[in-house]
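[1] sequence isn't available, so here's the structure alone:
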Ligand code: HEC
């Protein structure tokens, strides 16, 4: 009859706990929204301390950085590693993996992609797009912005007018580029 004594033991353990629960229920404490002269605003309910972040808030994303030469260089490096294999070094969509049979992405120099906002590129890198998978776990948000800046530079490189080149004082480089 071992089970009887097992029940006996269980009761012996649980009963004192039940008594304990009543004590805790009756102890001196403030109810929610109760007045409490102890605090300067007279309320028992306290406000979260300044800077408290709700634990279910999404983590803050870095804001788009100013475009500097360092950002562009970082963007070029990351682009050549993660994007050029499909999108090509100049962004025309003819990268090596495409030449070996992967579906061809559209050129960044197409009208619609030139007009797409920076945020669109940032989101495609983080979320993927159609047959292109996400790079969220390989390209950190700061690097996504750097890549976006570099893609903008690539787009400009294929569409700058002679006047813009002159105004930038780069005319002497034209011969060298040819
Ligand atoms: C493995 C090949 C591959 C790599 C690497 C790759 N992409 Fe793509 N990307 C594609 C393909 C294919 C599409 C078109 C997907 C579709 O339409 O289904 C695409 C589409 C896109 C588009 C949207 C184009 C549109 O039609 O609006 C953007 C923007 C883009 N890629 C940016 C990037 C960037 C930035 C990187 C580097 C972080 C990158 N991709 C890396 C294959 C790739």
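    Thanks, I have the structure now. Treat the numbers as computed from the prediction; the structure is a model and nothing was measured.
[2] not counting sequence-adjacent ones, nearest residue to residue 142?
    The spatially closest residue to residue 142, leaving aside those adjacent along the chain, is residue 62, at 5.4 Å (C-beta to C-beta, 6 or more residues apart in numbering). C-betas here are computed from N, CA, C, even on glycine.
[3] and the one you found, what element?
    For residue 62, there is no helix or strand it lies in under DSSP states H and E.
[4] same check, this time on residue 7
    Going by DSSP H and E, residue 7 is part of helix 2-26.
[5] ok so, going back, so what's the residue nearest to residue 142 up against?
    Each residue near residue 62 by C-beta atoms under 8 Å, 6 or more residues apart in numbering is listed here: 141-142, 145.
[6] going by distance to residue 23, which of those residues wins?
    residue 141 (51.7 Å; C-beta to C-beta).
[7] if I look at the nearest residue to the closest one once chain neighbours are set aside, how far off is residue 82?
    What sits nearest to residue 141 in space, not counting adjacent residues and going by C-beta to C-beta, 6+ apart, is residue 62, at 5.1 Å. From residue 62 across to residue 82, the span is 18 Å (C-beta to C-beta, to the nearest Å).
[8] residue 142 contacts residue 65, doesn't it?
    Yes. With contact defined as C-beta atoms under 8 Å, residue 142 counts as touching residue 65 (7.0 Å).
[9] who's more crowded, the two?
    In this view residue 142 and residue 65 are compared by other C-beta atoms under 10 Å, and residue 142 has more residues nearby, 16 against 13.
[10] ok so the more buried one is a helix residue?
    Yes. Under DSSP: H, G, I helix; E, B strand; the rest coil, residue 142 falls within a helix.
[11] need the per-residue pLDDT for it.
    Note for residue 142: predicted pLDDT of 94.
[12] and what of residue 8?
    Note for residue 8: predicted pLDDT of 72.
[13] so who does it touch?
    Shown in contact with residue 8 (C-beta under 8 Å, 6+ apart): no residues.
[14] how many residues are close by the closest residue to residue 35 other than its chain neighbours?
    Nearest non-adjacent residue to residue 35, counting by C-beta to C-beta, 6+ apart: residue 42, 5.7 Å away. Applying other C-beta under 10 Å, we find 9 residues neighbouring residue 42.
[15] now do the closest residue to the ligand within the chain, the pLDDT please.
    Using C-beta to the nearest ligand atom, residue 130 is the residue of the chain that sits closest to the ligand, at 2.1 Å. Residue 130 carries a pLDDT value of 95.
[16] need phi/psi at it.
    Main-chain torsions, residue 130, degrees, to the nearest 10: phi 50, psi -120.
[17] same deal with the one 5 residues further on?
    Backbone torsions of residue 135, given as degrees, to the nearest 10, read phi -110, psi 20.
[18] right, I'll leave it there.
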